[in-house]
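J.: I need the structure of the sequence given here:
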Amino acid sequence: MTEPPTSAGSWTTVTGSAVPLRCWWMPGPPQPRAVVLLLPEVFGINGWLRSVATRLVAEEDVAVLVLPLFARTAPELDLGYDAAALGLGREHRDQVTVAGFLQDAAAAIGWLRRQPGCDAVPLLLVGFCFGGHMAWHGATLPEVTATLAFYGARVAGFRPGGGEPTVAVAAGIPGRFWSVVGCDDPLMPEEERLAIRGALDAADPAGQRHRAVELPGAGHGFLCDQRDDHRPAAAAAGWALLHDLLRLAAPPPAGEP
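T.: Residues are numbered from 1 along each chain as shown. Okay, here's the model as predicted:
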C-alpha cells in the first residue's frame, strides 16, 4: 500500500521479505531511464537521503527507491547527525546480517520491476556509509547493472552476520562496481583502501568494470551537506562520478547531454 505522496515522493510498504519494508519511493517520469536503489547510512531514511532521491529524479530522469537497512529492528528510523544518533544507528547496524539484507534487496528489486516503466530498464545500486558497505553484497545480485559504494567502511575485515570479509565478494560481482572513498577518512585507513583496490583489481584485471576512487582532502560522509565532514569539492566529484556511472549504465536518449 502506498501512502499519499509528499513533495513528489511517498512512503510505500514493500512486501515479500521476512518483514515489511517501509521504503521511500519516487517514481520519476512515466518512462525512467533507469531505476536506482539507494542504501542509507546508519541514520536511516532521513531527510538527506530523501533529498538525494529528489536530486537524482530531477537530474537523471530515473525512478528511485530508498531501502531501509534496519527493517527488522528500527523500520522507521530517521535520525540527524549528532553523537547520540550515531550511537543509536550503530546499535542497529550491528544487528544486520548479509542474508537478511539480500532477502530485503531481492524483494525491493522485485517490487521495482513491477512498477510502470521499470520492468526492463537498467537497475543501479547506490549506498552511503553502512549502505556503501552493504552495496558490495547487493552488487552480487544478477539484476544489478552497476553499483556505486560511497565510503563503505570495514569491508576489508568484517562481514555483517559473520563470514569472510565483505571484499571477498568482489569476484562474484557481475556488473560495474565503483568504490569512492576519502583519503582522510579515519574509518578507511590505507590498509583498508589497499584491500579494496586489490580485490577490485583481482576481480577485473583489465579495469573495464570496476574502479576504486580515492578523493584527496575528504573524510567520512563528505557527500552529505548536513555532516561536519562535508567537503564541497569532494561532494561535487562524488556526484560527478554518480552521474558518469548512470550514463554508462543507462545512456540518455540520443541528442541529450
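J.: show me what contacts F158?
T.: P165, T166 (CB atoms under 8 Å, 6 or more residues apart in numbering). C-beta here means a position set from N, CA and C on the backbone, and glycine is covered the same way.
J.: what about it, which SS state?
T.: Three-state assignment for F158 (DSSP: H, G, I helix; E, B strand; the rest coil): coil.
J.: could you pull up phi and psi at it?
T.: The phi and psi torsions at F158 (degrees, to the nearest 10) take the values phi -150, psi 150.
J.: what about it, distance to P165?
T.: 6 Å (CB to CB, to the nearest Å).
J.: for P27, same thing?
T.: The value you get for P27 to P165, if CB to CB is used, is 37 Å.
J.: which one of these two has more residues nearby?
T.: Each of P27 and P165 has its neighbours counted (other CB atoms under 10 Å); P27 has more, 22 against 15.
J.: now do the helices in the stretch 151-257 of the chain.
T.: Using DSSP state H, counting those that start in this stretch, the helices of the stretch 151-257 of the chain run over residues 190-203, 232-249.
J.: let me have those helices in a markdown table, extended by distance to A18.
T.: Listed next are the helices of the stretch 151-257 of the chain as a markdown table, based on distance: least, CB to CB, whole Å:
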| stretch | distance to A18 |
| --- | --- |
| helix 190-203 | 29 |
| helix 232-249 | 30 |
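J.: so which of these is nearest T12?
T.: Checking the helices of the stretch 151-257 of the chain against T12 by CB to CB gives helix 232-249 as the closest, at 22.6 Å.
J.: quick revisit: mean pLDDT and distance to H220 added to the helices of the stretch 151-257 of the chain, as CSV?
T.: Listed next are these as CSV, based on pLDDT from 0 to 100; distance: least, CB to CB, whole Å:
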stretch, mean pLDDT, distance to H220
helix 190-203, 97, 12
helix 232-249, 95, 11
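J.: what average pLDDT does the strand or helix carrying R22 get?
T.: For R22, the element it lies in under DSSP states H and E is strand 21-26. Average pLDDT, strand 21-26: 98.
J.: avg pLDDT for whatever helix or strand comes next after it?
T.: Following strand 21-26 in sequence order, the next helix or strand is strand 35-39 (DSSP H and E). Mean per-residue pLDDT for strand 35-39: 98.
J.: quickly run through the sheet partners of strand 35-39, with directions.
T.: In the sheet, strand 35-39 lines up against strand 63-66 (parallel), strand 123-128 (parallel) (DSSP bridges).
J.: roughly how far is that strand from the heart of the chain?
T.: 6 Å (CA atoms, centre = their mean, to the nearest Å).
J.: so how far is G117 from the residue nearest to V121 when sequence neighbours are not counted?
T.: Using CB to CB, 6 or more residues apart in numbering and skipping the chain neighbours, the partner closest in space to V121 is A34 (5.1 Å). Separation of A34 from G117 (CB to CB): 11 Å.
J.: so for the two, which sits in the more crowded spot?
T.: The residue with more neighbours, out of A34 and G117, is A34; 23 against 15, by other CB under 10 Å.
J.: quick one: residues contacting that one.
T.: Contacts of A34 were listed using CB under 8 Å, 6+ apart, and they are E60, V62, A63, V121, P122, L123, L124, T145, L246, A249, A250.
J.: what about the fifth one, neighbour count?
T.: Under the neighbour criterion other CB under 10 Å, P122 is assigned a count of 20.
J.: over to the one 4 residues further on?
T.: Neighbourhood size, V126 [other CB under 10 Å]: 26.
J.: thinking again about what came up before, list the residues that contact both of A34 and G117?
T.: In contact with both A34 and G117: A63, using CB under 8 Å, 6+ apart.
J.: re the thing from before, so which of the contacts of A34 comes closest to M188?
T.: L124 (22.4 Å).
J.: any idea how far A212 is from the residue lying closest to A156 once chain neighbours are set aside?
T.: Nearest-residue entry for A156: A195, 3.6 Å, with adjacent residues in sequence omitted and distances by CB to CB, 6+ apart. From A195 over to A212 the distance is 10 Å, taken as CB to CB.
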